[in-house]
Each structure stands twice: as C-alpha cells, then as structure tokens.
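Visitor: Predicted model, plus sequence, below.
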Amino acid sequence: MDRLLRYFLRKFIRRGAITFITAGGDKFHCGDGTGPHLFARFLNAGAERRILLNPELALGEIYMDGDFVVENGSIADLLAIVMDQPAVLPGWAKPQWWLRYLSRHLRQFNPRRRARYNVAHHYDLDGRLYSLFLDADKQYSCAYFEQPGMTLDDAQLAKKRHVTAKLLLRPGDRVLDIGSGWGGLGIYLAETAGANVTGVTLSNEQLQVANARAAEKHLTGSAKFLLQDYRDVPGPFERIVSIGMFEHVGVDFYDIYFKRCAELLTDDGVMLLHSIGRSEGPDVTNPWIAKYIFPGGYIPALSEVLPAIERAGLLVCDIEILRLHYAETLKAWRERFMARREEAVQLYDERFARMWEFYLASSEMAFRKQNLMNFQIQLSKRQGIVPITRDYVTREEARLRRFEAGNKPRLQIAGE
C-alpha cells in the first residue's frame with residue numbers, strides 16, 4: 001500500500017512541497033520543494049485505500065472523518081498545493097471523471113420536488129451557522145472588491161450597488177429576484193430605487209428571515225418574499241435579477257429557465273444573471289461537493305449558457321467576468337468561520353466543522369488556482385433598452401453611494 005501511495009502521489013504532485021506520513025510510519029516527499037513545506041499524515045490504511053480508489057471524493061471524506069490530518073498549516077494550505085498542479089486531476093481519477101460526465105444529466109435532473117429538496121439540504125441549515133461567517137446582510141454569493149483591502153461588508157454592499165446599477169431601475173418597477181436568499185438584495189432594491197420586489201426562494205429558513213427583515217424596515221408593501229419555484233411565478237416584470245441561484249438549475253433545465261424568464265420579462269425589461277462559471281468547457285461537479293454540500297448543483301461554462309439564451313430569444317447586452325472576486329470572498333468567509341469554529345462545533349459537531357472548513361477552503365482554491373470565475377450577463381428582449389456604453393454603471397453607482405451615505409442609521413445616545 002505504501003509503495004502504491006508513494007508512486008501515485010509523486011506522479012501527481014509536481015509543484016510545492018508535501019511530506020506524507022503513512023499509517024505504517026513511512027515518509028515520502030512530493031513536489032519540487034518550492035513554497036511552504038507541509039507535513040500530512042494518513043491515520044489508517046483505510047484512508048490510504050480510499051485515496052487510491054477515488055481521490056476526488058475521498059480527500060474531503062477522510063479529512064471530515066479525522067483520518068487525514070495536516071500537521072503543520074491548515075487544510076487550505078494543503079489544497080493550495082494540491083489544486084495548483086499541472087494536471088487538474090490525478091491520472092488514476094480519470095475513469096471516475098468519465099463515469100460522472102456520462103451521468104451528469106441524471107445527477108443534475110432538478111424537477112420541482114427534487115430542486116426543493118436540494119435547496120433544503122444546504123440552505124435550511126441552522127441560520128446561526130451562516131451568521132458565523134457571512135457579512136451583516138447575509139449575502140451568500142460573490143462580493144465585489146472594487147479596491148484592495150475592502151472589508152467583506154463593504155465588498156458585499158459594492159456587489160449590490162453594481163448589480164442595481166446594471167438593472168437600470170425606475171421607481172415602481174416590478175422586480176423578480178430569483179433565489180432571493182435572506183432578502184438583502186431585494187430590500188436594497190426597494191430602498192434605493194423604489195422598486196416593487198418579489199423574491200422567490202425554496203428555503204423555508206431564508207423565507208422567514210427575509211420577510212421578517214422587510215417587516216422590520218416597513219417595506220412589506222414593496223419587498224415581499226415567497227416560497228415558490230421560479231417556474232410557477234406569474235408575471236410580468238420590468239426587471240429580473242438572479243444572484244447565485246443559476247448554479248442549482250442543471251444543464252437540462254437551461255432552456256426552461258431562460259424561456260420562462262423571457263415570458264416573465266416585459267418588452268422594455270432588463271435581466272441580470274450573476275452566476276459562478278467555468279473559464280474552460282463543460283465539466284462535472286466535484287463528487288464531494290455534490291454529495292455533501294450542493295446536491296444537484298453544477299457550475300456552467302459560458303458555452304452551455306449562451307446557446308440557451310439565444311434559443312429563448314433574449315439579447316445579450318453585456319457580459320462581465322469577475323476574476324478572483326470569489327476567491328477573496330471565500331477567503332474572508334473561511335477566516336471568519338475559523339475564528340468562530342467552536343461555535344459551529346456546538347451547533348453541530350466536530351465532523352461537520354471539518355466538512356465546512358474543507359468546503360470553504362476547497363472552493364476558495366478552485367477560484368484561486370483553477371478555472372472558476374463569476375459572470376454577470378445582462379439581457380433584454382430588444383435593442384435600445386440598455387445604453388450603448390457602460391458609463392451609466394459608474395453614474396448610477398455614484399448616485400447609490402450618495403443615497404447610502406444619506407441614509408445611514410443615526411446613532412442615538414442612551415435614553416433618547
């Protein structure tokens with residue numbers, strides 16, 4: 001077993017410096033010696049066997065189970081090396097990749113009932129978990145780092161501002177927010193632009209929080225949130241926005257998604273889609289992510305998205321690629337989570353905390369070291385709806401900044 005492990009790991013890990021210690025006490029070095037030198041230990045032969053049989057699934061599992069430990073540094077440090085190799089996949093993992101690719105349509109089959117189950121698996125966890133690492137507005141998607149050194153809260157506010165500017169909102173516009181989360185964006189649109197927002201989610205936990213927040217801000221007349229599938233929402237809407245939801249649609253439902261959006265959007269309407277994407281071609285969902293974090297989820301390539309947009313009769317007005325913004329977002333989430341990790345253990349258990357740590361770290365390194373990015377696609381139904389230059393985005397962001405500055409909560413002295 002030790003010889004096989006040494007042979008395959010050395011063949012895959014060509015960059016960096018990792019010393020592996022087997023369950024039998026054998027040590028071997030991998031990589032070219034550059035960068036920090038990490039030591040990682042397999043605690044039993046079963047963990048070694050699982051890595052050899054199915055490395056993409058097994059690494060996360062043996063870390064969750066406590067059968068694999070990084071003895072100096074963190075799992076993020078190790079993943080930064082593992083996910084920065086010349087080959088994206090170990091050679092011995094390619095047969096499993098092909099099996100997953102051939103069955104990916106089945107794994108991403110998301111009719112209404114299955115879509116609701118998949119959403120509940122992740123988003124109906126204890127709300128206190130997300131409070132451990134998200135910003136104050138509970139934005140659970142890629143932030144927008146306009147400047148180096150921005151705080152997470154400022155970058156998430158900048159994301160809402162950037163999205164709002166691209167929507168070209170007018171007072172009274174009916175807005176559909178597909179995948180409305182905890183309501184932060186919908187409330188922002190109602191507050192800053194006077195829009196009438198309908199947000200839809202499949203998460204009971206998010207629904208309750210979003211409607212409570214709207215009520216607290218006295219916005220129930222202009223920001224309402226429903227437990228409803230986007231396929232069942234009646235229209236029409238002058239604006240449609242979807243942030244971080246498209247990754248749950250599935251490739252076989254892209255035509256349905258865009259055709260329904262086209263039906264719901266008025267002739268003078270604007271839609272903005274914000275999603276994680278692949279800079280390369282179609283692929284499969286990492287099996288560990290699919291099993292433990294996002295069942296039914298898939299990150300699309302633009303080559304899979306644009307044909308469905310064309311078939312729906314929608315016009316692409318603008319595409320913006322956000323490079324490394326999600327890497328910085330995930331880094332902030334990971335650091336905040338680790339600072340409060342013991343609270344996660346108290347909410348669930350140690351295995352869950354290791355699972356969440358691996359999820360945040362592996363996701364960050366996928367953006368930082370591999371081929372993931374975010375895209376924003378602006379759509380309309382006919383020409384002339386969106387200005388022909390991007391200057392309007394800068395102007396509208398400046399207006400929104402002034403609005404935000406003038407509507408900050410006034411500090412009160414005790415007793416006022």
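Guide: Thanks, I have the structure now. Everything numeric here is computed off the predicted structure, so don't read it as measured data.
Visitor: Can you show me the strands along this protein?
Guide: 17-21, 27-30, 37-42, 68-70, 174-178, 196-201, 223-227, 237-243, 265-278, 315-322, 372-380 (DSSP state E).
Visitor: May I have the strands that pair with the fourth one, each with its orientation?
Guide: Right, the one you point to is strand 68-70. strand 37-42 (antiparallel) (DSSP bridges).
Visitor: wouldn't R334 be in contact with Y359 here?
Guide: No. Contact criterion Cβ atoms under 8 Å: R334 and Y359 do not qualify, at 9.2 Å. All C-beta atoms are positioned from the backbone trio N, CA, C, and that covers glycine.
Visitor: So which of the strands of the chain is nearest D153?
Guide: strand 237-243 (16.7 Å; Cβ to Cβ).
Visitor: What are the buried residues along stretch 11-29?
Guide: F12, I13, G16, A17, I18, T19, F20, I21, T22, A23, F28 (16 or more other Cβ atoms under 10 Å).
Visitor: Out of these, the closest to D229 would be?
Guide: F12 (41.9 Å).
Visitor: pLDDT wise, what is the closest one at?
Guide: F12 carries a pLDDT value of 90.
Visitor: isn't it right next to D84, touching?
Guide: No. Under the criterion of Cβ under 8 Å, F12 is not in contact with D84, lying 11.6 Å apart.
Visitor: Might you report the residue contacts of T164?
Guide: Applying Cβ atoms under 8 Å, 6 or more residues apart in numbering to T164 gives the contacts Y188, L189, T192, A193, E396, L400.
Visitor: Sorry, wrong one. I was asking about A17.
Guide: Going by Cβ under 8 Å, 6+ apart, the list of residues near A17 reads H29, C30, G31, D32, G33, T34, G35, P36, H37, L38, I81.
Visitor: The fifth one - how many residues pack around it?
Guide: Same thing as G33. When counting by other Cβ atoms under 10 Å, one arrives at 10 neighbours for G33.
Visitor: what residues are up against it?
Guide: Contacts of G33 (Cβ under 8 Å, 6+ apart): A17.
Visitor: ok, so what distance separates it from R41?
Guide: Here the distance between G33 and R41 works out to 20 Å (Cβ to Cβ, to the nearest Å).
Visitor: swap in the fourth one?
Guide: In this view, D32 and R41 are 22 Å apart by Cβ to Cβ.
Visitor: repeat for the first one
Guide: As defined by Cβ to Cβ, H29 lies at a distance of 14 Å from R41.
Visitor: where do the helices sit along the stretch 1-150 of the chain?
Guide: 2-12, 45-53, 55-64, 75-82, 94-102, 104-107, 112-123, 127-131 (DSSP state H, counting those that start in this stretch).
Visitor: Can you check what pLDDT the model gives G16?
Guide: The per-residue pLDDT of G16 was computed as 95.
Visitor: thinking again about what came up before, between D32 and R41, which one's more packed in?
Guide: Using other Cβ under 10 Å, the more surrounded residue of D32 and R41 is R41, with 17 against 10.
Visitor: The more buried one contacts G66, doesn't it?
Guide: No. Using Cβ under 8 Å, R41 is not in contact with G66; the gap is 11.1 Å.
Visitor: pLDDT of stretch 59-71, averaged?
Guide: Mean predicted confidence for stretch 59-71 is 97.
Visitor: Pull out the buried positions in that stretch.
Guide: Applying 16+ other Cβ under 10 Å to stretch 59-71 flags L59, G60, E61, I62, Y63, M64, D65, D67, F68, V69, V70 as buried.
Visitor: ok, the second one touching R351?
Guide: Which is G60. No. Using Cβ under 8 Å, G60 is not in contact with R351, being 11.5 Å away.
Visitor: Extract the residue ranges of the stretch 101-250 of the chain that are flagged as low pLDDT.
Guide: Judged by pLDDT under 70, the stretch 101-250 of the chain has its weakly predicted residues at 101-111, 114-117.
Visitor: quick one, what contacts the spatially most central residue of the chain?
Guide: Centroid-nearest residue in the chain, with Cα atoms, centre = their mean: S141, separated by 5.2 Å. Going by Cβ under 8 Å, 6+ apart, S141 touches K159, G181, I243, G244, H274.
Visitor: Quickly list the domain ranges of the protein.
Guide: Domains of the chain are assigned by automatic domain parsing as 2-102, 112-406.
Visitor: most tightly surrounded among these?
Guide: Of all these, domain 112-406 carries the top mean neighbour count, a mean of 19, counting by mean count of other Cβ atoms under 10 Å.
Visitor: just the helices in the stretch 301-416 of the chain please.
Guide: Under DSSP H, counting those that start in this stretch, the stretch 301-416 of the chain gives helices at 302-311, 325-339, 341-347, 350-369, 391-406.
Visitor: Alright, I will stop here.
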